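K.L.:
here is my input, please return the structure:
(chains A and B)
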Amino acid sequence: MNAKTQPDFHPDAESLNAFSERALAEEERGQIAAHLAICGRCRQVVFLAQAAATEEGQLAAASTQRTERQRGAWFRNWWLVWAPAAALATVVALAFYVHLRRAAVDQEMAKATQEVSPLVRPQNEAVTARPAETPPAAAAVVVASGAGMGKPGLKKSSEEVAAPPSQVEPMVPARGLVDALEGQQAATAQSNEAARATQTEERASANAEERGAREQEGMHRTVLAAPAPAFAASARTMAGLAVGASKTPTKVFSAKAALLPSGLPANSMVTGSKATVAVDKGGAVFVSTDAGGHWESVTQQWSGQAVAVRMQAKAPGAYELVNDQGQVWVSTDGRVWTAQ
Amino acid sequence: MSGARIAYCEGVGSSPTQSVEGGAGEGLAWTPGALDGSLVEELWQECDGASLGLERVEFREILQQAGASQNFGLAEGANASRQQQAGYLRVLKLNELMLAQACAAGKDRAWEQFVATYRQPLMRAAIAITGSETLGRDLADQLYAELYGLTEKAGERRCPLASYRGRGSLMGWLRTTLAQRHVDYHRRSHREEPLEEFDAPAPEQAQEKPAAMLTTLEKAVEGALSSAEAEDRLLLAAYFLDGRTLHEIAKMLQVHEATVSRKLKRICQDLRKQVLKNLQGLGLSRRAGEEALGADPRDLDVNLKELLQYSQSDAFQEKAAS
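P.N.:
Numbering: from 1, shown residues only, chains lettered A, B, ... in the order given. The predicted structure is shown next:
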């Protein structure tokens, strides 16, 4: 046997593996290295085992990565859900906020109603007993007493809308607030404005017929106040104004008609030839040029808290704003106010 | 227990039936070469050999054999103290050693654990070594049957796992054994292949006798290579003879590729210097030596393979497990 070319005595698998894993002492490692230097067979064995270990390590690493990827897939995909989830949460939060605001407003109005209703409810029974017959936004109907009223007519009815304050004031606050509560189901202020003229005419016509009938029967006539003028009177009363001070073709909206952009109901509202001006319960003033379709906030140019708005009697087309101290500011467009 | 093991145990001075407790608990005097009883007890607790179906006596015997095979890492004839024994045994992969030896002893629980842990890796390693799934499965099944002890020699069940001593990992041992089987099979099957027919070229006219300078150069190269360190020669053989890449060599030596590259460069420079020195020693001047180094290597009749295999180590008395 040629020991140079055919080394038949090879280190066992234990030694070769320990050499590969550097688990041998220096002396034995040197012996194995010396053998490997001369033995192609053992070198091949070592390299093959090493290659298998490397490949196995790569497979194990790939398998681990795959497992981690699979395990992490559901979790990694969560980030895709974050966007819609955040949007949904925002919508829910917004809806909840709006709900709270509305609930607060309703609660406030209910509270105000409870405070006033014990005083005025009995007096209003005559009116509230016929809600269907008396639309909330209807104009005041005055049934003239006595036979000498003459024939009923539209002109007459219109004049009677501005009823003397002494006759309607006792009923005003309660009716206005009740009307404001019922207004949740009523038409909007915009539609009210359009409908009011027609309804006034119809009501006047109907009332004229009714008056005619009552005249024939010789019945005693009483004065009834319809809701809308009643509320207008209420607003005026709260503002400390004399009811009927303005004889201009002013259309006064019911406060319950719509919530203003501030989220509060209108305390006072007046419509002139140029714009509709409203004051909410917080004293904020808003102006609308499309009959309440869109509201624009007016920067405060007055002192104190605005409580009412009305048309100026001496200068038709001009608006008057009254604060809680009774001071008056004047404007021609509802936006720019100057102290009177 | 095999007769060889009993003889071995008798040779190292411990009886295979001696209990672990008996080694220390009974206050027997410690004899050189024998395992310390308390050390065995500590390792027994750490390894939990009972889960593999081993008994303490067997456990002690396995430790004794593993330590004695390398004399606990000491020079031949030296007696290992308790600390030296502990230092050597604690470096071993004892859990894997116990598993392999328990399998070799035919313990069912050990085999269950072995199959659960190593069956699939063994198959993957065999496929990686052969480069073929079919051949790999065949190779793995063959080795698995061999490990299970289906082969017998002189009527005795033989299990290659008994030769595992725990110095490297058991999986590494399995891979190396697979590689050995594969390389041996490959070499045998190549020997059986018929030689391809080819027309041998007509012998060229007798070449001119190599110049004296070339002869001198051959001697100088032979001298330089034979004086190189074992690991340097391994590097040269792996890189220049086997054509292994730096990456492969680095993996084998568990160093960085750059280290292998630097080492190869240094070895080549040292070899050149050594050859030049040898040439001068053989009577050539420095200038003549440098001219000789510039000779066409194809003119040299140097069998590098033979030169690299010049120093045959006689340290390995064991034949390959095959």
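K.L.:
alpha carbons only for contacts and neighbour counts from here, please
P.N.:
Fine.
K.L.:
for chain A, just list every one of the strands.
P.N.:
Under the criterion DSSP state E, chain A carries strands at the ranges A:266-271, A:276-280, A:285-288, A:296-298, A:306-311, A:319-323, A:328-331, A:338-339.
K.L.:
test my guess that B:Thr130 contacts B:Arg137.
P.N.:
No. Under the criterion of CA atoms under 8 Å, B:Thr130 is not in contact with B:Arg137, lying 9.3 Å apart.
K.L.:
neighbour count: these two, which is higher?
P.N.:
B:Thr130 (21 against 18; other CA atoms under 10 Å in any protein chain shown).
K.L.:
which ones are touching the more buried one?
P.N.:
By CA atoms under 8 Å, 6 or more residues apart in numbering or on different chains, the contact list for B:Thr130 reads B:136, B:182.
K.L.:
could you report the distance from it to B:Ala34?
P.N.:
44 Å (CA to CA, to the nearest Å).
K.L.:
over to A:Trp329?
P.N.:
Per CA to CA, A:Trp329 is found 116 Å from B:Ala34.
K.L.:
what about the spatially closest residue to B:Arg165 that is not a sequence neighbour, helix or strand, and which?
P.N.:
Using CA to CA, 6 or more residues apart in numbering or on different chains and skipping the chain neighbours, the partner closest in space to B:Arg165 is B:Ala66 (5.4 Å). Assigned by DSSP states H and E, B:Ala66 falls within helix B:56-69.
K.L.:
got the buried residues for that helix?
P.N.:
Within helix B:56-69, the residues that count as buried by 16 or more other CA atoms under 10 Å in any protein chain shown are B:56-68.
K.L.:
got the strands of chain A as a markdown table, with mean pLDDT columns?
P.N.:
What follows is the strands of chain A, written out as a markdown table (pLDDT from 0 to 100):
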| stretch | mean pLDDT |
| --- | --- |
| strand A:266-271 | 87 |
| strand A:276-280 | 90 |
| strand A:285-288 | 90 |
| strand A:296-298 | 89 |
| strand A:306-311 | 89 |
| strand A:319-323 | 90 |
| strand A:328-331 | 90 |
| strand A:338-339 | 88 |
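K.L.:
out of those, nearest to chain B?
P.N.:
Of all these, strand A:296-298 sits nearest to chain B, with 77.3 Å by CA to the nearest CA.
K.L.:
in the stretch 201-322 of chain B, which spans are strands?
P.N.:
Applying DSSP state E, counting those that start in this stretch to the stretch 201-322 of chain B gives no strands.
K.L.:
helices along that one, start to end?
P.N.:
In the stretch 201-322 of chain B, the helices defined using DSSP state H, counting those that start in this stretch lie at B:212-226, B:230-236, B:246-253, B:257-281, B:286-293, B:304-308.
K.L.:
now look at the first one and say if it contacts chain A.
P.N.:
No. Using CA under 8 Å from any CA of the partner chain, helix B:212-226 stays clear of chain A, with a minimum separation of 11.3 Å.
K.L.:
convert the C-alpha atoms of that helix to PDB, please.
P.N.:
What follows is helix B:212-226, C-alpha atoms only, in PDB (Å, rounded to 0.1, in the frame of the first residue of the first chain):
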ATOM      1  CA  ALA B 212      19.800  20.800 -14.400                       C
ATOM      2  CA  MET B 213      18.100  24.000 -13.300                       C
ATOM      3  CA  LEU B 214      14.700  22.400 -13.500                       C
ATOM      4  CA  THR B 215      15.800  19.400 -11.500                       C
ATOM      5  CA  THR B 216      17.200  21.800  -8.900                       C
ATOM      6  CA  LEU B 217      13.900  23.700  -8.900                       C
ATOM      7  CA  GLU B 218      11.900  20.500  -8.400                       C
ATOM      8  CA  LYS B 219      14.000  19.600  -5.400                       C
ATOM      9  CA  ALA B 220      13.600  23.100  -4.000                       C
ATOM     10  CA  VAL B 221       9.800  23.000  -4.400                       C
ATOM     11  CA  GLU B 222       9.600  19.600  -2.800                       C
ATOM     12  CA  GLY B 223      11.600  20.800   0.100                       C
ATOM     13  CA  ALA B 224       9.500  24.000   0.500                       C
ATOM     14  CA  LEU B 225       6.200  22.100   0.400                       C
ATOM     15  CA  SER B 226       7.300  19.400   2.800                       C
END
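K.L.:
done for today, thanks.
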